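Participant: build me a structure from this.
(3 chains)
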Amino acid sequence: MKSLKIAGLLALSVLSSVATTTLARAGEVTWWAPNWGEERAKDLAKRFMAANPGITIKMEVTVSNGLPERVLTAMRSGAAPDIIEVQHGWVNGYAQGDLILTLDDVIQDKADFNKAALDYVTWNGKTWGIPYRIETHGVIYNKDHFREAGLDPDKPPKTWDELVAAAKAMTKAGRSGFGITGGGEVGNTIFRSLPFIWMNGGDILNADMTKAVVNSPEAVKAVEFYTGFYKQGLAPKSTLENDGLALRRLFVAGAVSAYQSGQFDLPAILKENPNLKLGAMMIPAPAGKQTAAILGGWSYVIPKSAKNPAEAKKFLQFLNTTEAQGFYTDTFPARISSTKLPRFDDPMLKPFAEMLPFGRPVPVHRNWVKMVQAYFDGIQRILLGDQTAQKAMDQANEEIQALLK
Amino acid sequence: MTAAASSRLRRPGLGTPVIIVGALLLVAVCLFPFVWMGLSSIKQLNELYTIPPRWWPDNPTLANYYKVLFQSRIPRYFLNSVIISVGSTGLALILAIFAANGFARFRFRGRSFWQAFILVGQLLPTAAIIVPLFITLKVLGLVNTYWGLILVYMIITLPLSVWMLTSYFKAIPIELEEAAIIDGASRVGILFRITLPLSMPGIVAVLVYAFITTWNEFIFALCFATDSTVKTLPIGLAEFSTEFNTDWGAIMAASMVMTIPIALLFLVFQKLFVGGLTAGATKG
Amino acid sequence: MRSNAGFVFVLPALIVLFMLIAYPVAYTGVLSVTNEQGQFTGLQNFADVLRPRVTTQALWNTLWWVGGSIVFQVILGVAAAILLNQNFVGRAIVRSIALIPWVIPGIVAATTWAWMFHTEFGIINHMLTGVGALDEPIGWLTRGNTVLPAMIAINVWKLFPFVAIMVLAGLQSIPQELYEAARVDGASYWDEVRHIMLPQIRPVITAVTLLLVIWALNSITIIYAITKGGPANRTLITPIQIFRLAFENVEFNQAAALSVMFFGIVMIIVFIYIRALANQPGDNQ
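Facilitator: Coordinates of the predicted model:
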């Protein structure tokens, strides 16, 4: 009997374990902001609270590692905060899963927003997120490597052929002329290779999203172009294990002369190697065709289970002012009027700013993530030497088609 | 032959060369990445990623440690981690000692079933249970509390603790306990007076492993502890990464801060690692 | 001893676990047979998730991953335990060092290994080419035939200390009298290992192996942090597929269906295992 008592006591003590509920107070807006903008976010929250004494902004810092899991877990279990910052591409999934609120009443002047960014967060004719930060890739290059190869660093390549020629000229023992990604998260390689398909007039899906077209001649040629840098030895041997970060490290170490990335890499490179002579160019396109890029960036969303949506919307209005957007973004603001701020008047940023109008959203399809995975697997099969570009894209096309039903 | 006689008395063992080579090999394998991490933590940014890689930095620095200890939330998270890990290990150990005693010493209906049941929480992939688990915590009002994580970690630590302790308890000769029953000891008395002292090495091993498992757990902590008053060390590590950047020097330094105290703690625990049975407690 | 007293001892642990996992288990079960709108769809999710070719490939990879990991973890772990059970100077320190792979947080360990395995930045290639073992760097993580073994090696490294410490604890508990009796019969050290140590720690090894199997079946940290299942699904294992379905594709219903199947298979393994365990001589009832 003694043992029974002890067992019961134990069970009781566990069950009655302190019930400290995390009830949100009225007028409190919980804001999940990523750690890289923490200081600026605090500043914005302070300013807003000073102007709106009835509302408290409670910041909770998020990290990029595991962020999609954390956001989805909170939303699906009905215990989400009031405002979350998420990548544009995630917004649609949340909208279709009925996890977030429409924000049409928060956005009054859509004309002042980057069109592609708005397309990302629109579904069923409604706006589900407010984009505040946008960016595209350009090409970052090492001016000294250009000079050493007898190229003019102030006249970077404009066409595919020129890019390949420059990469060939700069490649030598222990140095690769043009780095591409083939590993890490799917997004790394999609951001770098899909624009080439677009430039060449191809796509992964046709316009009305009824057919997979990734094995079309235009698309296959672009895929051959992209993977060709590795196949011809112009990209590092480690391509299959490299993501964008690894490419940047190889660039800083002088093992890669040029690679695609966003302006967010520039300060990081200079911090690690202040003597590196940096150049940036728009992404070269096939002769006579226009360049292209994937538009990336971040939006605010209000989860359906937000406790104080009215106050949250009021705060969003504040975050969306021209001034606040220009202040908060790490790259470019989604508001066109914000880009006029002096902060963005930097010659190094010019090629990236010029890329913005060519930035496109990725298609809004519920199986998109699976489709790019199928495409990415195809790219990896080419890089591994399992298949030719045509075969790999044929297989990817078949898999993507199956996801369209 | 005195030499032969003394070797007869001494416990035979592996030859000294085998021990030396084996120990060196073991140390090398276990420390190889750790040394690399340690060296990385004292490198400056421009010496972290070099081609070819270099072991020793030209300009070693303690700046990363300064950043981790004085300019980050790591010290606070360290405290949170200690509370949560001690709490969940302690709770798991208490529950597991009783449960293992039940499994190892009694035959009751459905024993195999309940033994399997203990494992259920680990048979479902984390990705599947994390959302409903969050809802459970919400209902209990334990989101963003120490108790929330301590309880959730039972899913991870109980299977380990119950199963391992059951196997250790089984190894104890049952005659000892039967003798005690004849002497009139109660079930719980036997557990505390005989079983536990005799399986001390097992308890220490389980304790250490349960503690470390919770110490390093990431995904539950990430989802269930969103406020910095309850965040744990692995989340602190992730905070050194941003979207397109990772402060490797700081992560390596923080990992050292996370790892070394635990290894030292185990060094102190070594004394307990000698089994009661080796003292000759069994009746011949 | 046959009485309900045993169940009373077990009860508190069961209550705590039940409180935590009852809802998740039911929730997963319901999700697996419904669609996103919550309508009953029968086995549709199961069919959807089984259709892609990649599911089969992931299952094969999982078998290799689990099998390869367990065999080496147990062999190396037991060997290390026998070594650490010897008396030698500095034993306490070596024992503490043996704990280190387990203490290093999984993500950090995985990323550090990826760094050391890297074709260009990697110290491993640098050392191997330095001593002349390799002519040129090997792409450990970029070649189809080395990437899964590399993952298994990292997993073995991370977990063999667990086996070592658990088995060591078992060895420590072996009564001295058993050795003495054997010695009277003139047994050599290897006789002791075979006839005393291994039989005595058999319950420990069986429990450890079962835990290892479950962990290997559930562990995504190492692979997800390094290759994300690539290149071209060469390291894709089922738990990573479930993770992708749930959190990358927001297909919680299909993820649940796959989880239920996975759960069923593992449960069968566990029951076979427990049966075998109950029949073995070490079970002293």
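Participant: briefly note if the helix or strand encompassing A:L247 comes near chain C.
Facilitator: Using DSSP states H and E, A:L247 sits in helix A:244-252. Yes. Judged by Cβ under 8 Å from any Cβ of the partner chain, helix A:244-252 comes into contact with chain C at A:246, A:249-250. In this view, the C-beta of every residue, glycine as well, is placed from N, C-alpha and C.
Participant: tell me the mean pLDDT for that helix?
Facilitator: Averaging pLDDT along helix A:244-252 yields 94.
Participant: please apply the same query to stretch A:153-169.
Facilitator: In this model, stretch A:153-169 carries a mean pLDDT of 96.
Participant: span of that stretch from start to end?
Facilitator: Across stretch A:153-169, the straight-line distance between its terminal residues is 13 Å, by Cα to Cα, to the nearest Å.
Participant: buried set for it?
Facilitator: A:153, A:156-157, A:160, A:163-164, A:166-167, A:169 (16 or more other Cβ atoms under 10 Å in any protein chain shown).
Participant: what is the nearest of the residues you listed to chain C?
Facilitator: Nearest to chain C among the buried residues of stretch A:153-169, counting by Cβ to the nearest Cβ, is A:A167 at 17.2 Å.
Participant: domain assignment for chain B?
Facilitator: B:13-61, B:66-279 (automatic domain parsing).
Participant: out of those domains, deepest packed?
Facilitator: Across those, averaging neighbours per residue (mean count of other Cβ atoms under 10 Å in any protein chain shown) puts domain B:66-279 on top, at a mean of 21.
Participant: centre of the chain to that one, how far?
Facilitator: 7 Å (Cα atoms, centre = their mean, to the nearest Å).
Participant: give the rounded mean pLDDT of that domain.
Facilitator: 88.
Participant: ok so, going back, so does the helix holding A:L247 get close to chain B?
Facilitator: Yes. Using Cβ under 8 Å from any Cβ, we find that helix A:244-252 touches chain B at A:244-245, A:249-250, A:252.
Participant: off-centre distance for that helix?
Facilitator: 17 Å.
Participant: before we move on, what about stretch A:332-342?
Facilitator: 19 Å.
Participant: beyond whichever helix in chain C runs longest, next helix or strand please.
Facilitator: In chain C, taking DSSP state H as the definition, the longest helix is helix C:53-84. The C-terminal neighbour of helix C:53-84 among helices and strands, as given by DSSP H and E, is helix C:91-98.
Participant: can you list the residues of the stretch 151-285 of chain C near chain A?
Facilitator: C:227-228, C:230-233, C:244, C:246-250, C:252.
Participant: can you do 7 Å?
Facilitator: By Cβ under 7 Å from any Cβ of the partner chain, the residues of the stretch 151-285 of chain C that approach chain A are C:227-228, C:230-233, C:247-250.
Participant: who wins on neighbours among the residues you listed?
Facilitator: If you count neighbours using other Cβ atoms under 10 Å in any protein chain shown, the busiest of those is C:G230, which has 29 neighbours.
Participant: that's a helix at that one, yeah?
Facilitator: No. Applying DSSP: H, G, I helix; E, B strand; the rest coil, one finds C:G230 to be coil, outside a helix.
Participant: make a markdown table from the domains of chain B and add distance to chain A to it.
Facilitator: Listed next are the domains of chain B as a markdown table, based on distance: least, Cβ to the nearest Cβ, whole Å:
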| stretch | distance to chain A |
| --- | --- |
| domain B:13-61 | 4 |
| domain B:66-279 | 4 |
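Participant: quick one: low-confidence parts of chain A?
Facilitator: Scanning chain A for pLDDT under 70 picks out A:1-26.
Participant: try 50 this time
Facilitator: A:1-23 (pLDDT under 50).
Participant: who are the contact partners of A:P363?
Facilitator: Going by Cβ atoms under 7 Å, 6 or more residues apart in numbering or on different chains, A:P363 touches A:205, A:209.
Participant: next one: phi and psi at the residue in the stretch 1-150 of chain B that chain C sits nearest to?
Facilitator: Residue nearest to chain C within the stretch 1-150 of chain B: B:F106 (2.4 Å; Cβ to the nearest Cβ). The phi and psi values for B:F106, taken as degrees, to the nearest 10, are phi -130, psi 150.
Participant: please apply the same query to A:F113.
Facilitator: Main-chain torsions, A:F113, degrees, to the nearest 10: phi -100, psi 150.
Participant: what bridges to it?
Facilitator: Beta bridges link A:F113 to A:R335, judged by DSSP bridges.
Participant: residue contacts, it?
Facilitator: A:F113 neighbours (Cβ under 7 Å, 6+ apart): A:131, A:334-335.
Participant: let's see that with 8 Å instead.
Facilitator: A:107, A:131, A:334-336 (Cβ atoms under 8 Å, 6 or more residues apart in numbering or on different chains).
Participant: elements contacting the helix or strand bottoming out on mean pLDDT in chain C?
Facilitator: The helix or strand of chain C with the poorest confidence is helix C:176-184; it has a mean of 81 (mean pLDDT, DSSP states H and E). Contacts defined by 3 or more Cβ pairs under 8 Å, 6 or more residues apart in numbering or on different chains; DSSP states H and E place helix C:176-184 against helix C:189-192.
Participant: now the helix it packs on: mean pLDDT?
Facilitator: Here helix C:189-192 scores 84 as its mean pLDDT.
Participant: which members of the buried residues of stretch A:153-169 are the farthest-apart pair?
Facilitator: A:P153 and A:W160 (19.3 Å; Cβ to Cβ).
Participant: which ones are touching the most centrally placed residue in chain B?
Facilitator: Nearest residue to the geometric centre of chain B (Cα atoms, centre = their mean): B:Y209, 2.3 Å. Contact analysis of B:Y209 by Cβ under 8 Å, 6+ apart lists B:160, B:164, C:102, C:162, C:165-166.
Participant: out of the buried residues of stretch A:153-169, which is nearest to A:W368?
Facilitator: Distance to A:W368 across the buried residues of stretch A:153-169 (Cβ to Cβ) is lowest for A:W160, with 26.6 Å.
Participant: right, and the closest one touches A:K289 too?
Facilitator: No. Assessed by Cβ atoms under 8 Å, A:W160 is found out of contact with A:K289, at 9.1 Å.
Participant: what's the burial count for residue 224?
Facilitator: As the question left the chain open, I've gone with chain A. By other Cβ under 10 Å, neighbour count at A:E224 equals 16.
Participant: that was the other one, I meant chain C.
Facilitator: Neighbours of C:Y224 under the rule other Cβ under 10 Å: 19.
Participant: swap in C:S96?
Facilitator: Residues lying near C:S96 (other Cβ under 10 Å) number 20.
Participant: give me the spatial nearest neighbour of it, chain neighbours excluded.
Facilitator: Spatially, and ignoring its direct neighbours in sequence, C:S96 is nearest to B:L267 (4.4 Å; Cβ to Cβ, 6 or more residues apart in numbering or on different chains).
Participant: how about B:R76?
Facilitator: B:S228 (7.0 Å).
Participant: SS state for that neighbour?
Facilitator: Using three-state DSSP, the secondary structure recorded for B:S228 is coil.
Participant: quick check, it in contact with A:V63.
Facilitator: No. The pair B:S228 / A:V63 is not scored as a contact, 11.7 Å apart, by Cβ under 8 Å.
Participant: what sits against A:I140?
Facilitator: Shown in contact with A:I140 (Cβ under 8 Å, 6+ apart): A:251, A:258-261, A:265-266, A:269, A:278-280.
Participant: so it sits in a helix?
Facilitator: No. If the criterion is three-state DSSP, then A:I140 is strand and not within a helix.
Participant: which helices and strands does the longest helix along chain B pack with?
Facilitator: Of all the segments assigned as helix in chain B under DSSP H, the longest by residue count is helix B:74-105. When contacts are defined as 3+ Cβ pairs under 8 Å, 6+ apart, helix B:74-105 sits against helix A:2-15, helix B:111-123, helix B:146-152, helix B:154-170, helix B:200-216, helix B:233-238, helix B:248-269, helix C:5-32.
Participant: for A:G183, which of these is the nearest?
Facilitator: With Cβ to Cβ, the closest approach to A:G183 among those belongs to helix B:248-269: 17.7 Å.
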